[in-house]
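Peer 1: Whatever this is, show me its structure:
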Amino acid sequence: MRVIVELSAVLRSHVAGGEARFEVDVAEGATVGDLMAQVGVRKEEPWTASLDGKIVARTAPLVDGCHLVVYPFLPLESG
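Peer 2: As a prediction, this is how the structure comes out:
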């Protein structure tokens, strides 16, 4: 399956060349978390993902042609 991926901010440093937008092949049944591991983002790295415009969990399944946007997780400041 082919997935369109966009990585924001510091997450780009995990990808060779630091590309913000790229396409990647993943296995059938792969999840968002599987894809992130495949591109080299550490399991401990905090991030939030949007799959085809909807915020999803790391366990969300990917489908061919989907669009994944991943943002670093930043806690909200209070006050």
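
Peer 1: show me what contacts Val26?
Peer 2: Met1, Arg2, Val3, Asp34, Leu35, Gln38, Leu62 (C-beta atoms under 8 Å, 6 or more residues apart in numbering). No exception for glycine: its C-beta is placed from N, CA and C like everyone else's.

Peer 1: For the closest residue to Gly65 other than its chain neighbours, give me its contacts.
Peer 2: Of all residues beyond its chain neighbours, the one nearest Gly65 is Arg2 (6.6 Å), with distances taken as C-beta to C-beta, 6 or more residues apart in numbering. With contact taken as C-beta under 8 Å, 6+ apart, Arg2 is in contact with Glu23, Val24, Asp25, Val26, Asp64, Gly65.

Peer 1: Narrow these to those that are buried.
Peer 2: Neighbour counting over the contacts of Arg2 (16 or more other C-beta atoms under 10 Å) leaves Val24, Val26 as the buried ones.

Peer 1: could the contacts of Arg2 go into JSON lines alongside distance to Gly53?
Peer 2: Formatted as JSON lines, the contacts of Arg2 follow (distance: C-beta to C-beta, whole Å):
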{"residue": "Glu23", "distance to Gly53": "18"}
{"residue": "Val24", "distance to Gly53": "19"}
{"residue": "Asp25", "distance to Gly53": "22"}
{"residue": "Val26", "distance to Gly53": "19"}
{"residue": "Asp64", "distance to Gly53": "17"}
{"residue": "Gly65", "distance to Gly53": "14"}
